[in-house]
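just coords:
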């Protein structure tokens, strides 16, 4: 038989690190010996699993091999053994030698191994410190980050100064990935030596000032672990965090939102109290409103943790009127995984207890499904009973009756309790609920019957009317009920209302006196109570029975029963040897034993507002857990808001303004004279991106030309005023709404929208409003109090499109909300641009930097040859808010602009009539591609009109 299955490094079993099939013995001793020798000669084979082979020598041989493939295989096996809990510390000297390997895969696994065993092998780990320090200067950012990660993971106090110095250098690294790794290393160093907190706080302050979304999230996480109470570090970064929040990674968004929730609670006034004082004014601080506006789009996140974080921010920090938005998105999460559903339902249960009107329109969303877990079913029942009203009670009762018939006994019992809660919440429905509960006594399910008895007992305490017939029915059922809790409830009812059933009560006591010794403790206590009450109310029939029961209870094993018997005996059976009557005799005893009892309160476990933060683990378990940080109380007075105002740094020379440094002297002197105007033009973003949202400084469609490079005829091109239809008069009962783009860019990426409302009906329309429904944030137009027939009026709105063409969903309402209709606005990409003037030299330099994937190139429409240069310029101007560049070569038309986002993106368009080409240069490929398509369509449309 061939021995080919044991070739070195080729066997699939060897590649998986498994022993080869034991079939050599069937071929004779000679082949078996060959197989053994071949296996022993192969260091990558299965021999190291054998007990007689020297431990790990094969792996050492592979680690000392000159081949990277063998080293990589050895490291994979070592890491696999470490993951299984096997001790591989004796390989530390052999592994640490490979820290200088040039193979990145080998080096990465070596780093993982060193992180695990460096603390045990401190002396040998120190030998690799110099290698890590050299790797921190490596040109490859991945190697620098890996070296820093391993270096800070070595928990050896001796090298703490080296770790701290490496961390401080990494914070200033040019790579955002390395800075992120540095932020992740801060808690490691702090846990090793808490005395380094002052130095680490300086590092955190520097990371908080980082404008890279990759770093911001982990920087806030480090801030939360090291110094969560240093709110002063957040002041100057608050507005920046709000603007960057949408671009941060999901779990970073959760950390930032939770931190900002605590920040808002300490820096702004309670909006609920302000809303009561200023009903007609906007009570929110501009920075407070900025946060609520920037986190609202995150409700659309696919990560349920982000949606939950935004929901708790609105719950704890927003005015009460904002909660409708929260409910809608939390209900959407009920379609997520069972784990997410359970967490969301707990939060919704708390909301349903405090504000049931918010969830009244979502009743059917909380109906129970057969696939729901037991915990989810119970929480849904809790929510349904919280939402019970007189109007929806019939529907809710039918649903609860269906749950009572469920084969799930736990759900059926909970449904019975839910019916009782509905009866206690809605007094008008008590009789209906009692009749339904009495009908349940005929059920075969003993647990349902027992639960119904307990609930009936509670409801009878609430009802003042006589229900003797129900008590008699319960007394007849007591023999067939085995659950102690139900038997005790029946006995309590008979004893409490024994004067109403004088013939039944003594007979029940007689039956239970016979079985006293076999009953449960809680039933025995109620038998003793029944005996005492009957002895007072009906001494002729019950005195001897009561004496018998009290004698049995006097010697019971349970001390509670013995104490109860010894307490009641002197009251109901006084000692005849005492000559003088005690004060507790006759009617006084009856008043004590049969005193009116307060009705039990049947309410939700979330009826009292939870002290824990919504969505936290402590709120989920209703238990304060280690590490939980309580939300601070709202301040009594408004803190100083100027602490969030940051002085604008000197603007760095942008790439589009760089040409001003190399121009002629005349241009330089003119630039110096007009420096303020130039700064406002060439700075693509706001002068201070973290400034408080104030009155927006508008940049009109007329481009400013500080250098005198463009002729007046190009500067004064008319602004297109194309009208679009938002709502048609036929679909809105005569109300027509049209809109246009006045091409006005506002702060924070907002685009102005001009709306024309026209009344084509024969009746006046009252209180016409346009509100935001979904999509990009909307600054709604002012409401129209009255719109007379045949009259039109214009309003202005603002939409935060930035550089996105996502449709903004709107809700149009009129006649005080009696009529409404939904509509949407989706802007052409050309309306998201603003013109920027420049020279031909600057256009050539800047567009030349955007080649390859940043250049969208295609042929002009064939009809473009019919248009003159001015017609082409007008067609481009009609499709996109761009401005022509003066000095373009003959046969070419150049246009320049930028996006209106908070981080503007330059856009350059070049038309080459000779080559019949249209080129769009833009950093964002999607924007460039869509703009190229729209320009071709606009040129073709202009040619078709000729």
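Received it, and whenever you're ready, just let me know what you need. Source: prediction; values computed, not measured.

Please count neighbours and contacts with C-alpha atoms only from this point.
OK.

is it true that residue 312 touches residue 615?
Yes. Taking contacts as C-alpha atoms under 8 Å, residue 312 lies within contact range of residue 615: 6.6 Å.

With neighbour numbers in mind, choose between those two.
Regarding residue 312 and residue 615, a neighbour count based on other C-alpha atoms under 10 Å identifies residue 312 as having more, with 21 against 18.

Now do the same contact list for that one.
By C-alpha atoms under 8 Å, 6 or more residues apart in numbering, the residues touching residue 312 are 613, 614, 615.

May I see those residues arranged in a markdown table, with distance to residue 357 and secondary structure as well?
As requested, those are arranged in a markdown table below (distance: C-alpha to C-alpha, whole Å; DSSP: H, G, I helix; E, B strand; the rest coil):
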| residue | distance to residue 357 | secondary structure |
| --- | --- | --- |
| 613 | 21 | coil |
| 614 | 19 | coil |
| 615 | 20 | coil |
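
Show me the domain layout of this protein.
57-274, 483-596, 723-827, 831-945 (the TED database).

Of all those, which one comes closest to residue 316?
Nearest to residue 316 among the domains of the chain is domain 57-274; the distance by C-alpha to C-alpha comes to 7.6 Å.

In three-state terms, how would residue 372 be classified?
Secondary structure, DSSP: H, G, I helix; E, B strand; the rest coil: residue 372 is coil.

how many other residues sit next to it?
Neighbours of residue 372 under the rule other C-alpha under 10 Å: 14.

Can you list phi and psi of it for me?
phi -70, psi 150 (degrees, to the nearest 10).

mind checking how far it is from residue 447?
Computed with C-alpha to C-alpha, to the nearest Å, the distance linking residue 372 and residue 447 is 21 Å.

repeat for residue 126
Residue 126 is 68 Å from residue 447, by C-alpha to C-alpha.

Between the two, tell me which one has more neighbours.
The residue with more neighbours, out of residue 126 and residue 447, is residue 447; 18 against 15, by other C-alpha under 10 Å.

Would you check that that one makes contact with residue 409?
Yes. The pair residue 447 / residue 409 is scored as a contact, 7.0 Å apart, by C-alpha under 8 Å.

Check which residues of the host helix or strand of residue 348 are buried.
With secondary structure defined by DSSP states H and E, residue 348 is part of helix 338-354. For helix 338-354, burial by neighbour count (16 or more other C-alpha atoms under 10 Å) applies to 341-353.

How about stretch 917-926?
Buried-residue list, stretch 917-926, by 16+ other C-alpha under 10 Å: 918, 919, 920, 921, 922, 923.

Stretch 484-503 now?
In terms of neighbour count (16+ other C-alpha under 10 Å), stretch 484-503 has its buried residues at 485-498, 500.

Pick out the residue nearest the middle of the protein.
residue 306 (2.0 Å; C-alpha atoms, centre = their mean).

quick one, what contacts it?
Residue 306 is in contact with 250, 251, 253, 254, 298, 299, counting by C-alpha under 8 Å, 6+ apart.

try 6 Å
residue 254 (C-alpha atoms under 6 Å, 6 or more residues apart in numbering).

Would you mind measuring from it to residue 251?
For residue 306, the distance to residue 251 - C-alpha to C-alpha - is 7 Å.

Please name every helix or strand in contact with the stretch of helix or strand residue 564 belongs to.
Secondary-structure element containing residue 564, defined by DSSP H and E: helix 559-572. Contact here means 3 or more C-alpha pairs under 6 Å, 6 or more residues apart in numbering; DSSP states H and E; on that basis helix 559-572 packs against helix 539-554.

quick one, the helix it packs on and helix 559-572 angle?
Between helix 539-554 and helix 559-572, the angle comes out at 150 degrees (axes from the mean of the first three to the mean of the last three C-alpha atoms, to 10 degrees).

which of the residues in helix 539-554 are buried?
Applying 16+ other C-alpha under 10 Å to helix 539-554 flags 539, 541, 542, 543, 545, 546, 547, 549, 550, 552, 553, 554 as buried.

Find me the pLDDT at residue 209, would you?
The model reports residue 209 with a pLDDT of 90.

Actually, residue 705.
39.

Quick check: closest non-adjacent residue to residue 238.
residue 644 (6.8 Å; C-alpha to C-alpha, 6 or more residues apart in numbering).

that older thread, distance to residue 429 added to the domains of the chain, as JSON lines?
Shown next, in JSON lines, are the domains of the chain (distance: least, C-alpha to C-alpha, whole Å):
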{"stretch": "domain 57-274", "distance to residue 429": "34"}
{"stretch": "domain 483-596", "distance to residue 429": "22"}
{"stretch": "domain 723-827", "distance to residue 429": "32"}
{"stretch": "domain 831-945", "distance to residue 429": "58"}
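
List just the one of these that sits closest to residue 624.
Per C-alpha to C-alpha, nearest to residue 624 of the domains of the chain: domain 57-274, 17.3 Å.

related to what we said a few turns ago, I'd like the average pLDDT over the host helix or strand of the residue nearest to the centre of the chain.
Assigned by DSSP H and E, residue 306 belongs to helix 304-317. In this model, helix 304-317 has a mean pLDDT of 93.

Kindly report the same for stretch 442-453.
Averaging pLDDT along stretch 442-453 gives 83.

what's the spacing between the longest helix along the chain and its chain's center?
Ordering each helix of the chain by length in residues (DSSP state H) puts helix 925-944 first. How far helix 925-944 lies from its chain's middle: 39 Å, per C-alpha atoms, centre = their mean, to the nearest Å.

Contacts only, for residue 411.
Per C-alpha under 6 Å, 6+ apart, neighbours of residue 411: none.

rerun at 10 Å
368, 374, 375, 377, 378, 381, 400, 403, 404, 405, 417, 448 (C-alpha atoms under 10 Å, 6 or more residues apart in numbering).

before we move on, back to that, immediately after the helix holding residue 564, which helix or strand?
helix 587-593.

Which parts of that next one count as buried, going by neighbours?
For helix 587-593, by 16+ other C-alpha under 10 Å, it's 589, 590, 593.

What is that helix packed up against?
Counting contacts by 3 or more C-alpha pairs under 10 Å, 6 or more residues apart in numbering; DSSP states H and E, helix 587-593 packs against helix 521-537, helix 559-572.
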